[in-house]
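>>> With the sequence up front, the predicted model follows.
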Amino acid sequence: MPSEYLPILIFIIIATAFGLGALLLGMIFRPKKPYSEKLMPYESGITPVGEPRYRFSVRFYLVAMIFLVFDVEAIFIYPWAIVFDDIGTYGFIGMVIFIIIILIGYIFDWKKESFQWD
Amino acid sequence: MTPDTFIKFGIDVLIIVIKIAVVLVIGLLHVAYATYFERKVIGHMQVRLGPMRVGPHGLLQPFADGIKLFFKEDLIPEKADKVVFYLAPVIFMASAMVNLAFIPFSHNFIIADINIGLLFIFAIAGIGVYGIFISGWASNSKYAFIGGLRSSAQVISYEIAMGFSLVGVMIMAGSLNLTEIVRAQENSIFGMYAIPQIVGFVIFVIAAVAETNRTPFDLPEAESELVAGYFVEYTGFRFALFFLGEYIAMFIMASLCTVCFLGGWTLPWYVLKVLPFLQHVPGIVWFLIKVYAFIFFYYWIRATVPRYRYDQLMSIGWKILIPVALANILVTGLVKILL
């Protein structure tokens, strides 16, 4: 079994080495003449005002939290889908109940306007 | 470990490395010519010629671009978090590239034929979100920050819809192994899952466009407001790595669509019955034709459709795609029980 996963490990190493290697190699050839205007954060040519990491909409947190719930749900559905032939009607009813429970939370989120961006 | 097994292990690793090198070269050439193809397609759709200067019909343009980016100065903004800023493009590019290992290009050419291939693709593609987000955070610039936030929220939202849209395929094929999914389609009545799984197919295509931040869902990069989104502070080869990652991710999405819905390297049996001589064509040809048809579709909608607003983007993902995908799962299960 582990031998099937060996190519992935090697691929990860090669892909990372490709990125880092190309950057290191490029260091020899590319010019390096920085000055303070060049190193300023880009704001359409205007001197940056204030802190760049200012407060942002709480909706981004909400999306992240709802994502967690739904992603975990997806992870539960995958193995169910794979063994669907073996578990038949019994498994199907179980999944219907599971999805209904998730749907209650989903409708709650909808009514609380978690998906409303304006 | 005895010397014998050690040598055997070495040979195994060498074969894997050669295979990876082949796929990498194909992947990089794909990126080079996908950009050329894009500029030509969009150029002709807008009644212009696209790149024409470098080489015949501009064929060497991608190499000129690559060489230019390689020799450009690499600027690191003063206020940036240096280490994270350095690493973000590498993470983004590598996480897209590693997915090439799971794509079955043909019946006997796949680097890692594991039984949870589809799940692994999702897992590794998920790492790409870190690349997006930490580049936006580390740049310490307003545009990059907003772009990173928007992009990561968009990618995780559509990842759910995409994950659900593939469950129908999993139920029908009974496997997460991409090779087996193709085999199951070859033996099914319809020959490809795009026909019985039409709902899942449409959801997957929409989600695939949104996942790769392409028009009409390219809100994070919205040139008119955020200039380039999360990679606005990146120059030279670091920018090129983001570019590489995006185009390889497009290739992965097109391949995933081909494998899960369009029958991979096989042709439906009814096509072969009418035109039997087609079975002598190697499978990889069909695979690449399907993949490039899908990539052409990417460019086509880029030239046709205007950009969505951010609130529209989020409501499409959460209020339409996810409920429809869930309904599709239940209907597919019900049909499979009844038949």
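That came through fine.

>>> Poorly predicted segments of chain B, please.
B:1, B:220-226 (pLDDT under 70).

>>> Helices of that one, start to end?
Using DSSP state H, the helices of chain B run over B:3-45, B:61-70, B:82-98, B:117-138, B:142-165, B:167-173, B:178-187, B:198-211, B:223-226, B:236-261, B:269-274, B:283-304, B:310-315, B:322-338.

>>> would you list these in TSV and tack on mean neighbour count and distance to residue A:115?
Where you see a C-beta, it was placed from the backbone N, CA and C, and this is true even at glycine. TSV is the format used below for the helices of chain B (neighbours: other Cβ atoms under 10 Å in any protein chain shown; distance: least, Cβ to Cβ, whole Å):
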stretch	mean neighbour count	distance to residue A:115
helix B:3-45	15	33
helix B:61-70	16	39
helix B:82-98	22	27
helix B:117-138	22	20
helix B:142-165	25	9
helix B:167-173	25	21
helix B:178-187	20	32
helix B:198-211	22	15
helix B:223-226	12	22
helix B:236-261	24	24
helix B:269-274	12	42
helix B:283-304	17	24
helix B:310-315	18	6
helix B:322-338	17	10
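
>>> Now tabulate these in TSV and tack on distance to chain A.
Putting those into TSV (distance: least, Cβ to the nearest Cβ, whole Å) gives the following:
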stretch	distance to chain A
helix B:3-45	5
helix B:61-70	6
helix B:82-98	4
helix B:117-138	6
helix B:142-165	4
helix B:167-173	4
helix B:178-187	11
helix B:198-211	12
helix B:223-226	10
helix B:236-261	5
helix B:269-274	22
helix B:283-304	19
helix B:310-315	4
helix B:322-338	5
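
>>> Which one, of those helices, ends up nearest to residue A:100?
Smallest distance to residue A:100 across the helices of chain B (Cβ to Cβ): 10.1 Å, for helix B:322-338.

>>> how about the helices of chain A, start to end?
Using DSSP H, helices in chain A cover A:2-29, A:59-82, A:84-111.

>>> of all the helices of chain B, which lies closest to residue A:19?
Using Cβ to Cβ, the helices of chain B put helix B:82-98 closest to residue A:19, at 3.8 Å.

>>> The closest one versus helix B:117-138: what angle between them?
160 degrees (axes from the mean of the first three to the mean of the last three Cα atoms, to 10 degrees).

>>> hang on, the earlier thing: closest one to residue B:51 among the helices of chain B?
Here helix B:61-70 is closest among the helices of chain B (Cβ to Cβ), at 4.1 Å.

>>> Give me the distance from the closest one to the chain's centre.
22 Å (Cα atoms, centre = their mean, to the nearest Å).

>>> who touches that helix?
A:22, A:26, A:29-30, B:32-33, B:35-36, B:39, B:51, B:53-55, B:236-237, B:239-240 (Cβ atoms under 8 Å, 6 or more residues apart in numbering or on different chains).

>>> Could you do stretch B:180-199 as well?
B:104, B:118, B:165, B:168-169, B:172-175, B:200-201, B:259-271, B:324-325, B:327-328, B:331-332.

>>> rerun that using 6 Å as the cut-off
B:168-169, B:173, B:201, B:259-264, B:266, B:268-269, B:328 (Cβ atoms under 6 Å, 6 or more residues apart in numbering or on different chains).

>>> Only the buried residues of stretch A:85-105, if you could.
A:91-92, A:95, A:99, A:102 (16 or more other Cβ atoms under 10 Å in any protein chain shown).

>>> on that earlier part again, so which of the helices of chain B comes closest to residue A:51?
Closest among the helices of chain B, once you apply Cβ to Cβ, is helix B:142-165, at 9.1 Å.

>>> I'd like to know which elements the closest one is packed against.
Helices and strands touching helix B:142-165, by 3 or more Cβ pairs under 6 Å, 6 or more residues apart in numbering or on different chains; DSSP states H and E, are helix A:59-82, helix B:117-138, helix B:198-211, helix B:322-338.

>>> ok so, going back, closest one to residue A:56 among the helices of chain B?
That would be, of these and by Cβ to Cβ, helix B:142-165, which comes in at 5.9 Å.

>>> relative to helix A:59-82, how tilted is that closest one?
Going by the same axes, to 10 degrees, helix B:142-165 makes 20 degrees with helix A:59-82.

>>> Number of residues surrounding the closest residue to residue A:31 other than its chain neighbours?
Distances taken as Cβ to Cβ, 6 or more residues apart in numbering or on different chains place residue B:73 nearest to residue A:31, at 5.0 Å, with adjacent residues excluded. Residues near residue B:73, counting by other Cβ atoms under 10 Å in any protein chain shown, number 12.

>>> For residue B:73, give its distance to residue B:139.
From residue B:73 over to residue B:139 the distance is 17 Å, taken as Cβ to Cβ, to the nearest Å.
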